[in-house]
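Student: I'd like to go over a predicted model; first the sequence, then the structure.
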Amino acid sequence: MRLSLRTLKMTLAFGLQPLACVEMSIATKTGDDGTTALMYGRRVPKTHPRVEAFGAVDELNAALGMARAAMPPDFVRANLLAIQRDLIVLMGETGVAVEDLPRYIKDGYSVVTPAMTAKLGALIIEIEAKKADFKGWSVPGATPAAAALDLARTVCRRAERRVCSLKEAGGLNNAEIVIYLNRLGDLLWLFARWVESEARPAG
């Protein structure tokens, strides 16, 4: 079976040699020594701050998928999917060593931009305008969907901390990534409260 174009591109991007007419296994065994590959073939320990950062974002994306599957209102569900796609961009960028970023951008890969953060800010303004009574502490668990969103929020805050650690270690050039995750944490709190209010009986 021939390699798909996507598999071929990823193989070349990570500095590996394509295996003609062979289907690659997900179990490469290259990480058995406790290291993992970044883009363009660089290998680092699995405890490296960069791996901690994009690993936490990966967990965040999975948590958002769980929240989306918990059937929140259409408004929230549609926006969660858009955010998950943003996180793929964010995870890709954090998975590239600083010295390889020019090559990454030249190769046509997207990076996190202020416009992406602005979309989150606009959603925050929209929700606060419609549900101005959201304030104070909340106790997660009013509904399955709201609880999933609150869990995603806490994972988001952890991802934000890991990215901040990467930045402090000199491994992050794009400060917009931190801003995006900070804004997303706020938005997820509002999404959870929105879902709770939609499930609350009128009157």
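Tutor: Perfect, thanks for sending it.

Student: distance of Ala178 from Phe75?
Tutor: No, residue 178 isn't Ala; it's Val. Remark: distance between Val178 and Phe75 (Cβ to Cβ, to the nearest Å) = 27 Å. The way it works is simple: take the backbone N, C-alpha and C, and place the C-beta from them, glycine included.

Student: what about stretch 51-61, distance to the chain center?
Tutor: Distance of stretch 51-61 from its chain centroid, counting by Cα atoms, centre = their mean, to the nearest Å, is 7 Å.

Student: over to stretch 121-133?
Tutor: Counting by Cα atoms, centre = their mean, stretch 121-133 comes out at 22 Å from the chain centroid.

Student: I'd assumed Ser197 was in contact with Thr143.
Tutor: No - applying Cβ atoms under 8 Å, one finds Thr143 not in contact with Ser197, separated by 10.3 Å.

Student: which strands and helices lie in contact with the one helix or strand Arg162 maps to?
Tutor: Here Arg162 sits within helix 144-168, counting by DSSP states H and E. Contacting helix 144-168 under the criterion 3 or more Cβ pairs under 8 Å, 6 or more residues apart in numbering; DSSP states H and E are the following elements: helix 49-69, helix 74-94, helix 176-199.

Student: output the first one as CSV, restricted to C-alpha atoms.
Tutor: Pointing back at helix 49-69 there. Presented in CSV, the C-alpha positions along helix 49-69 are these (Å, rounded to 0.1, in the frame of the first residue of the first chain):
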residue,chain,number,x,y,z
PRO,A,49,9.5,21.8,28.7
ARG,A,50,8.5,21.9,25.0
VAL,A,51,7.1,18.4,25.2
GLU,A,52,5.3,19.3,28.4
ALA,A,53,3.8,22.3,26.7
PHE,A,54,2.5,20.7,23.6
GLY,A,55,1.5,17.6,25.5
ALA,A,56,-0.7,19.7,27.8
VAL,A,57,-2.3,21.4,24.8
ASP,A,58,-3.0,17.9,23.3
GLU,A,59,-4.7,17.0,26.6
LEU,A,60,-6.7,20.2,26.4
ASN,A,61,-7.8,19.4,22.9
ALA,A,62,-9.0,16.0,24.0
ALA,A,63,-10.8,17.5,27.0
LEU,A,64,-12.6,19.9,24.6
GLY,A,65,-13.6,17.0,22.5
MET,A,66,-15.1,15.3,25.5
ALA,A,67,-17.0,18.5,26.3
ARG,A,68,-18.3,18.8,22.7
ALA,A,69,-19.4,15.1,22.8
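
Student: what's the burial count for Ala78?
Tutor: The tally of other residues near Ala78 (other Cβ atoms under 10 Å) stands at 12.

Student: how close does it sit to Met71?
Tutor: 13 Å.

Student: same check on Thr47?
Tutor: Thr47 is 37 Å from Met71, by Cβ to Cβ.

Student: now Leu184
Tutor: Leu184 is 21 Å from Met71, by Cβ to Cβ.

Student: who's more crowded, the two?
Tutor: Leu184 (28 against 14).

Student: would you agree Asn174 is in contact with Leu90?
Tutor: No - the pair Asn174 and Leu90 fails to qualify as a contact (Cβ under 8 Å) at a distance of 9.4 Å.
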